[in-house]
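Undergrad: give me coordinates for this.
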Amino acid sequence: MVDWNDLSSYLVSDFSAIERSPRLVEVPINFDGAPPITTYVSSAIDGNDRQWVSIDALAGPLQSFDLGSVVRAVGDIVCGGLAHMPIQGADYLVIRHGMPIYDLPGDRINDFLIPLFAASHGAVQLQQRFGTPSGGGGFNQL
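TA: This next block holds a predicted model:
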């Protein structure tokens with residue numbers, strides 16, 4: 001079974017991700033025709049002590065969005081929900097998705113890529129629709 005160490009090592013080695021803390025990895029995601037999107041993957045534990053991950057794709061600075069319009073737009077995005085993420089004193093809007101990894105077989109670690117790319121693409125869609133800054137921010141952009 002996959003655990004957090006397996007997944008974070010996979011992201012660092014295969015996606016040029018940066019380990020920001022023992023529980024947080026920053027993953028640059030590239031889509032054709034769009035600037036890279038900053039997506040964070042973090043370790044989480046549910047109420048039954050089972051391991052999950054949280055995927056947070058930065059759409060942009062929170063104040064650059066009309067939240068009513070964004071909530072309506074997110075209804076068309078296949079994966080994730082809206083959340084707020086503070087980064088170095090700034091507030092960001094993210095597309096968030098959670099995924100259990102406690103029962104993910106090691107030979108199926110690539111199954112994690114489906115929600116990773118879906119949440120990241122949702123953030124790109126918001127950037128394109130609402131004209132937010134490319135890349136969505138992140139540690140390196142602040």
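Undergrad: and residue 73, how close does it get to residue 89?
TA: Using CB to CB, to the nearest Å, one gets 27 Å for the distance from residue 73 to residue 89. Bear in mind the C-beta positions are built from the backbone N, C-alpha and C, glycine included.
Undergrad: more crowded one of the two?
TA: When residue 73 and residue 89 are compared for neighbours, residue 73 comes out ahead with 17 against 6, by other CB atoms under 10 Å.
Undergrad: which one is that one nearest to, not counting chain neighbours?
TA: Spatially, and ignoring its direct neighbours in sequence, residue 73 is nearest to residue 129 (5.9 Å; CB to CB, 6 or more residues apart in numbering).
Undergrad: burial of the one you found, as a residue count?
TA: Burial measure for residue 129: 14 neighbouring residues, criterion other CB under 10 Å.
Undergrad: and it, what element?
TA: Assessed by DSSP states H and E, residue 129 sits inside helix 113-130.
Undergrad: output the contacting helices and strands for that helix.
TA: Counting by 3 or more CB pairs under 8 Å, 6 or more residues apart in numbering; DSSP states H and E, the packing neighbours recorded for helix 113-130 are strand 24-29, strand 37-45, strand 51-61, helix 67-74, strand 90-100.
Undergrad: closest to residue 118 out of the ones you listed?
TA: Closest to residue 118 of the helices and strands packed on helix 113-130 is strand 90-100 (CB to CB; 7.0 Å).
Undergrad: show me the contact partners of stretch 57-75.
TA: Contacts with stretch 57-75, where a contact means CB atoms under 8 Å, 6 or more residues apart in numbering, come from 29, 37-40, 80-82, 84-85, 90-96, 119-120, 122-123, 125-127, 129-130, 132-133, 135-138.
Undergrad: ok, 6 Å please
TA: 37-39, 82, 91-95, 119-120, 123, 126-127, 129-130, 132-133, 136-137 (CB atoms under 6 Å, 6 or more residues apart in numbering).
Undergrad: out of the helices and strands packed on helix 113-130, flag the one nearest residue 3.
TA: strand 51-61 (6.1 Å).
Undergrad: so what are the sheet partners of the closest one and their directions?
TA: Strands adjacent to strand 51-61 in the sheet, as given by DSSP bridges, are strand 37-45 (antiparallel), strand 90-100 (antiparallel).
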